[in-house]
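J.: Sequence plus the predicted model coming up.
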Amino acid sequence: MAKPAEVTDGDWETQVLKSDLPVMVDFWAPWCGPCRMVAPLVEELADEYDGKARFYKLNTDDNMQTAARYGIRSIPTLLVFKGGEMVDQVIGFRPKSDLKKSLEKALAYRGRTRTRHRNHRRRAGRSRRRSLCGAGDAPHAAY
C-alpha cells in the first residue's frame with residue numbers, strides 16, 4: 001500500500017518541483033479535522049496512481065515557507081504539479097472524484113507555452129475589435 005510521504009521546505013524543490021511524474025501535495029495540519037477526512041482519500045489515490053504520480057504531505061505548521069510561497073490560506077489544500085508547474089488546486093474537503101479529475105488534468109497537461117500564446121492572440125484580437133467599433137470614443141448620437 002502506497003502512502004503519501006512527508007515533504008518539507010528543505011526538500012520541496014527536489015521532491016516536488018523536479019519530479020519526473022505529476023505530484024499531488026496535501027497541505028495539512030495535525031489539528032485540522034477536514035485534513036483528517038482528506039487523508040484516507042489521498043492514500044487511496046496513491047494506491048490507484050502508483051507509478052503514474054507521486055503523493056506528498058506537507059505539515060503547514062512545520063513548513064510555513066512553502067505554504068506562504070503558494071498562498072495557502074486554508075487547509076486542507078491540495079496542489080498538483082507537473083514539470084515544476086502548479087497545474088491544479090483543490091481547497092477544502094472534496095469528494096474523491098474531484099481529486100481524481102485534478103490528477104487526470106495533470107497527467108494530460110503538456111505545458112503552458114502553447115496555451116499562453118493562443119490566449120494572448122485571442123485577447124489581442126478582442127481589444128482590437130473594441131477599438132475599431134469606437135468603444136471609449138465620444139458618446140453615440142441619439143437616433
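T.: Done, it's in.
J.: And what about L21, helix, strand or coil?
T.: On the three-state scheme (DSSP: H, G, I helix; E, B strand; the rest coil), L21 is labelled coil.
J.: what sits against it?
T.: 52-54 (Cβ atoms under 8 Å, 6 or more residues apart in numbering). Just so you know, the C-beta spots here come from the backbone N, C-alpha and C atoms, and that holds for glycine as well.
J.: Let's have those residues in TSV, adding neighbour count, distance to V87 and pLDDT.
T.: Below are the contacts of L21 laid out as TSV (neighbours: other Cβ atoms under 10 Å; distance: Cβ to Cβ, whole Å; pLDDT from 0 to 100):
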residue	neighbour count	distance to V87	pLDDT
K52	11	14	93
A53	21	11	94
R54	22	13	95
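J.: With distance to S19 and secondary structure as extra columns, can I get those in a markdown table?
T.: As requested, the contacts of L21 are exported to a markdown table (distance: Cβ to Cβ, whole Å; DSSP: H, G, I helix; E, B strand; the rest coil):
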| residue | distance to S19 | secondary structure |
| --- | --- | --- |
| K52 | 12 | coil |
| A53 | 9 | strand |
| R54 | 6 | strand |
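J.: which among these gets closest to V90?
T.: V90 lies nearest to A53 out of the contacts of L21, by Cβ to Cβ, at 14.1 Å.
J.: As PDB, could you dump the C-alpha coordinates of stretch 11-25?
T.: Coordinates of each C-alpha in stretch 11-25 appear next as PDB, following Å, rounded to 0.1, in the frame of the first residue of the first chain:
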ATOM      1  CA  ASP A  11      13.400  19.000   0.200                       C
ATOM      2  CA  TRP A  12      10.500  20.700  -1.600                       C
ATOM      3  CA  GLU A  13      12.400  21.500  -4.800                       C
ATOM      4  CA  THR A  14      13.900  18.100  -5.300                       C
ATOM      5  CA  GLN A  15      10.900  16.000  -4.300                       C
ATOM      6  CA  VAL A  16       8.100  18.100  -5.900                       C
ATOM      7  CA  LEU A  17       9.400  20.600  -8.500                       C
ATOM      8  CA  LYS A  18      12.000  18.300 -10.100                       C
ATOM      9  CA  SER A  19       9.800  15.200 -10.100                       C
ATOM     10  CA  ASP A  20       9.600  13.400 -13.400                       C
ATOM     11  CA  LEU A  21       6.000  12.400 -12.500                       C
ATOM     12  CA  PRO A  22       2.900  14.500 -11.600                       C
ATOM     13  CA  VAL A  23       2.800  15.300  -7.900                       C
ATOM     14  CA  MET A  24      -0.100  15.900  -5.600                       C
ATOM     15  CA  VAL A  25       0.700  17.600  -2.300                       C
END
